[in-house]
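Engineer: this one's sequence-less:
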C-alpha cells in the first residue's frame, strides 16, 4: 500500500471555539471521543471520523504545534520509522499504541514539519 493521508487534526488553544468556527463555516459535525479537549470531525452521512480538533500540543522541541497535523496510514510503522531516519527525518515521538486503533509515531521532516504515521490495527492494546 502506498501511504496516504488518513487523518488530520487541527491544533488549538480553545477546542470549543474552534469547533464552533468550523461547524459554522463548513457545517461539520462532531463527536467527543478519547481524551478531554479532543473531538472527532465526522462525515454527516456515514458518521465516519475523518479528522479531529484537539488541544494544542508540542511535537517540536521549541514551539507548540500550529495549524493542521497530518497522519499518514502505513503498513508497518516500525519500518516507516527506519525509513524516516534513513531519509534525514527525526523521530519526535516513539511508537505508542492507541487501543483498538493502532500504532502511532510522530516525526519531523528535513524541512522542520511535524507529521505522524499510523499503522491501523483494531487489536492494538
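Structural biologist: Thanks, I have the structure now. Everything quoted here is computed from the prediction, not taken from an experiment.

Engineer: which residues in the chain form helices?
Structural biologist: In the chain, the helices defined using DSSP state H lie at 15-26, 77-86.

Engineer: list the contacts for the most centrally placed residue in the chain?
Structural biologist: Nearest to the mean C-alpha position of the chain, by Cα atoms, centre = their mean, lies residue 71 at 4.6 Å. Residues in contact with residue 71 (Cβ atoms under 8 Å, 6 or more residues apart in numbering) are 5, 6, 7, 8, 9, 104, 115, 116, 117, 118. From N, CA and C alone the C-beta is placed, and that goes for glycine too.

Engineer: can you put the residues you listed in JSON lines and add neighbour count, pLDDT and distance to residue 32?
Structural biologist: As requested, the contacts of residue 71 are arranged in JSON lines below (neighbours: other Cβ atoms under 10 Å; pLDDT from 0 to 100; distance: Cβ to Cβ, whole Å):
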{"residue": "5", "neighbour count": "10", "pLDDT": "91", "distance to residue 32": "24"}
{"residue": "6", "neighbour count": "15", "pLDDT": "90", "distance to residue 32": "21"}
{"residue": "7", "neighbour count": "20", "pLDDT": "91", "distance to residue 32": "17"}
{"residue": "8", "neighbour count": "15", "pLDDT": "94", "distance to residue 32": "18"}
{"residue": "9", "neighbour count": "20", "pLDDT": "93", "distance to residue 32": "14"}
{"residue": "104", "neighbour count": "20", "pLDDT": "97", "distance to residue 32": "20"}
{"residue": "115", "neighbour count": "18", "pLDDT": "92", "distance to residue 32": "25"}
{"residue": "116", "neighbour count": "21", "pLDDT": "94", "distance to residue 32": "21"}
{"residue": "117", "neighbour count": "24", "pLDDT": "96", "distance to residue 32": "25"}
{"residue": "118", "neighbour count": "20", "pLDDT": "96", "distance to residue 32": "21"}
